[in-house]
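Chemist: Need a 3D model of the following:
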Amino acid sequence: MITADLKQIAGRSYPARRRTQNLVGGASPIQATNFSLGFVTLEPSGGQVPWHNQDQEEVYFIVEGTGEMCLGTERRTVSEGQAVYIPSGVFHQLTNTGQVPMTMIYCYGPAGDVAHWHQELEGTLPRAGVSAPPLPAGASPQCTEPPRS
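Modeler: The predicted structure is shown next:
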């Protein structure tokens, strides 16, 4: 039996103030062909999964906290216990708007890497309204800051 223990997975921190821990796929001991699964912690007051898209379809399940979900031209408040379906190719962003850490589980398929992880670390994310569609009106700004040296 192969297991992955969230308490033992260090994960990776990103410039947009979040930590991602792969439970299935990535550096996890569990590898699947049809999906990847992970746990994300967004720091209070602005931690973010920045505006991006990917080939895989995906679901975000909010475990704890409150945030702003942008999906295509829509913007909505999401909170614990809610799941959001993200179709393949649609730009999306999740921002923690609360004063406590926000946690969520993502699941996307098929399995594989997603470009936005590398783009964020390199400071090359497509910019909303420039090289990507604009964010919905009133949305939190996209974090495109490269990592600090």
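
Chemist: Low-confidence regions, the protein specifically.
Modeler: Flagging of the chain using pLDDT under 70 yields the residue ranges 145-149.

Chemist: which residue is nearest the centroid of it?
Modeler: Geometric centre of the chain, nearest residue: Val49, 3.9 Å, by CA atoms, centre = their mean.

Chemist: mind listing the helices for the protein?
Modeler: For the chain, the helices defined by DSSP state H occupy 115-122.

Chemist: Pull the contacting residues for Asp55.
Modeler: Residues counted as contacts of Asp55 (CB atoms under 8 Å, 6 or more residues apart in numbering) are 88-89. Where C-beta positions appear, they are placed from N, C-alpha and C, glycine not excepted.

Chemist: just Ile2 next, same as before
Modeler: 29-30.

Chemist: same check, this time on Val90
Modeler: 53, 71-72.

Chemist: Pull out the buried positions in stretch 131-149.
Modeler: 135-136, 139-140, 142-144 (16 or more other CB atoms under 10 Å).

Chemist: cool, stretch 61-80 as well?
Modeler: Quick answer for stretch 61-80 (16+ other CB under 10 Å): 62, 65-71, 75, 78.

Chemist: export the residues you listed to CSV and tack on distance to Glu122?
Modeler: Listed next are these as CSV, based on distance: CB to CB, whole Å:
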residue, distance to Glu122
Ile62, 28
Gly65, 28
Thr66, 30
Gly67, 25
Glu68, 25
Met69, 25
Cys70, 22
Leu71, 25
Arg75, 27
Val78, 28
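
Chemist: what two of the residues you listed have the greatest distance between them?
Modeler: Farthest pair in the buried residues of stretch 61-80 (CB to CB) is Gly65 and Leu71. Separation: 17.8 Å.
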